[in-house]
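Novice: sequence and predicted structure, then a few things I'm wondering about:
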Amino acid sequence: MPNDPVFHSRRTSPARRARMRQWLAGASVAALALGAGIVPGAQAQDNPAKLSAADQQFVQDAGQAGATEIAASKLALTKSSDAQVKGFAERMIADHSKLARNLDVIAKRHGITAAPGADSAVVGSLQNLQGADFDKAYIEKVAVGGHQKAVELFKKESESGNDAQLKNAASKALPIIEHHYEMAQQLAKAKA
């Protein structure tokens, strides 16, 4: 039915089909380019901007602090019998995992690795403890002690870091870490 108005609607017109094919082809090329990392204006991975020695040290120290917090908090989920300690540990795993991912993205843009891994001395000292003994050591070494050091570390980077992205990331993370430190102090008082 060549004269039927439905047959010649805008939906099925040859011109519309041609435009749609062009659009789909363009969208496919764009998707492939994004997937391959070929984005106009994006910084090439083989030519990353160099970080200062102080910024590189911050990335390493922050990465290790986060990895230690996550590893020790995972231990807390199995070795603690206290609901408050386990709740704190779950929150630390979630928040520090997110912070670690953000730090890792920035580090990769600069061609470095964010985390050398957890501090084996801290995590190792918790390995053989259970129950109340574990809780005391975890709260003292990781929750309070670790966050106290992390607050100092992130504060220093947010105030005097050289790389704008790292400085901004540290500034955004600092209130979260300060809140963790406050939570840790409250937990320590509750369990004293």
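Specialist: Alright, I've got the coordinates. All of these numbers come straight from a predicted model, not from anything done at the bench. Numbering: from 1, shown residues only.
Novice: quick one: list the elements packing against whichever helix or strand residue 105 is part of.
Specialist: Take DSSP states H and E as the rule and residue 105 turns out to sit in helix 83-109. The contact analysis (3 or more CB pairs under 8 Å, 6 or more residues apart in numbering; DSSP states H and E) places helix 83-109 against helix 53-79, helix 164-191. Glycine gets a C-beta too; all of them are placed from N, C-alpha and C.
Novice: name the helices or strands packed onto the longest one?
Specialist: In terms of contact count using 3+ CB pairs under 8 Å, 6+ apart, helix 164-191 is assigned the packing partners helix 53-79, helix 83-109, helix 145-160.
Novice: isn't residue 80 up against residue 89?
Specialist: Yes. Judged on CB atoms under 8 Å, residue 80 makes contact with residue 89 at a distance of 7.1 Å.
Novice: walk me through the domains of this protein.
Specialist: 1-42, 53-191 (automatic domain parsing).
Novice: tell me the pLDDT of residue 153.
Specialist: pLDDT recorded at residue 153 is 96.
Novice: now it: closest residue in space, sequence neighbours ignored.
Specialist: Counting by CB to CB, 6 or more residues apart in numbering, residue 153 lies nearest to residue 61, which is 5.6 Å off, once chain neighbours are set aside.
Novice: what's the pLDDT at the one you found?
Specialist: 93.
Novice: and the helix holding residue 105 with helix 145-160, angle?
Specialist: With axes from the mean of the first three to the mean of the last three CA atoms, to 10 degrees applied, the angle from helix 83-109 to helix 145-160 works out at 40 degrees.
Novice: next, the buried residues of the very next helix or strand once past helix 83-109.
Specialist: Per DSSP H and E, the first helix or strand lying C-terminal to helix 83-109 is helix 120-127. Residues of helix 120-127 classed as buried under the neighbour-count rule (16 or more other CB atoms under 10 Å) are 122-123, 126.
Novice: any chance of the residues you listed in TSV, plus pLDDT?
Specialist: TSV is the format used below for the buried residues of helix 120-127 (pLDDT from 0 to 100):
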residue	pLDDT
122	94
123	95
126	96
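Novice: between residue 80 and residue 89, which contacts overlap?
Specialist: Common neighbours of residue 80 and residue 89 (criterion: CB atoms under 8 Å, 6 or more residues apart in numbering): residue 138.
Novice: about what we covered before: with distance to residue 160 added, can I get the buried residues of helix 120-127 in a markdown table?
Specialist: Below are these laid out as a markdown table (distance: CB to CB, whole Å):
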| residue | distance to residue 160 |
| --- | --- |
| 122 | 26 |
| 123 | 30 |
| 126 | 33 |
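Novice: kindly indicate which of these lies nearest residue 148.
Specialist: residue 122 (13.4 Å; CB to CB).
Novice: follow-up on the earlier one: so which of the buried residues of helix 120-127 is the closest to residue 97?
Specialist: Of all the buried residues of helix 120-127, residue 123 has the smallest distance to residue 97: 16.0 Å, by CB to CB.
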